[in-house]
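Novice: Any chance you can model this:
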Amino acid sequence: MDKQIRKLKKIVRLHISQKKEDIRKIWGEPAKGSDEEFWFYSRYCWGIFRDEIAFIFESDKVVDITITECFLWMEYGNIFYYEYGTPEYKVFKFYERE
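Specialist: The predicted structure is shown next:
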């Protein structure tokens, strides 16, 4: 399993179907730009890597989660979890390593 998918799978296992109040207790206040349906949080690693995690809500519960991976403030990949239909993980990379 891809490293990025494992990272997202862990977050999905912990937070899918949680209520907004539970997410707020664990992650704190959502970042600016968040609204009623999308809450954004940033997680930093070594100062140059950042994961932007988006929780997508429907009827006050988390239904989808995405992680946008950034290096030096540039987005280089997205990992998605879609619950509706057939639950699945998808990885979209902006840049491929050679």
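Novice: use CA for all of it now, contacts and neighbours both
Specialist: OK.
Novice: Pop out the phi and psi values for residue 59.
Specialist: When read as degrees, to the nearest 10, the backbone of residue 59 gives phi 50, psi 40.
Novice: no, scratch that, I was asking about residue 7
Specialist: Torsion angles at residue 7 (phi, psi; degrees, to the nearest 10) stand at phi -60, psi -50.
Novice: Can you tell me the SS state at residue 29?
Specialist: Here residue 29 is recorded as coil under DSSP: H, G, I helix; E, B strand; the rest coil.
Novice: Next one: it from residue 52, what distance?
Specialist: 14 Å (CA to CA, to the nearest Å).
Novice: of those two, who's got more company?
Specialist: When neighbours are counted by other CA atoms under 10 Å, residue 29 and residue 52 differ, and residue 52 comes out ahead with 18 against 13.
Novice: Could you report the distance from the more buried one to residue 58?
Specialist: 20 Å.
Novice: Ok, residue 29 next?
Specialist: 18 Å.
Novice: Determine the number of other residues adjacent to the residue nearest to residue 40 when sequence neighbours are not counted.
Specialist: Among residues not flanking residue 40 along the chain, residue 54 sits closest, at 4.5 Å (CA to CA, 6 or more residues apart in numbering). Residues lying near residue 54 (other CA under 10 Å) number 22.
Novice: Point me to the helix or strand that includes residue 54.
Specialist: strand 49-58 (DSSP states H and E).
Novice: buried residues in the helix or strand just after that strand?
Specialist: For strand 49-58, the following helix or strand on the C-terminal side (DSSP H and E) is strand 61-71. Buried positions in strand 61-71, judged by neighbour count with 16 or more other CA atoms under 10 Å: 61-70.
Novice: can you put those in TSV and add distance to residue 34?
Specialist: Formatted as TSV, the buried residues of strand 61-71 follow (distance: CA to CA, whole Å):
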residue	distance to residue 34
61	15
62	14
63	16
64	15
65	14
66	14
67	15
68	15
69	18
70	18
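Novice: what's the most distant pair in these?
Specialist: 61 and 70 (26.5 Å; CA to CA).
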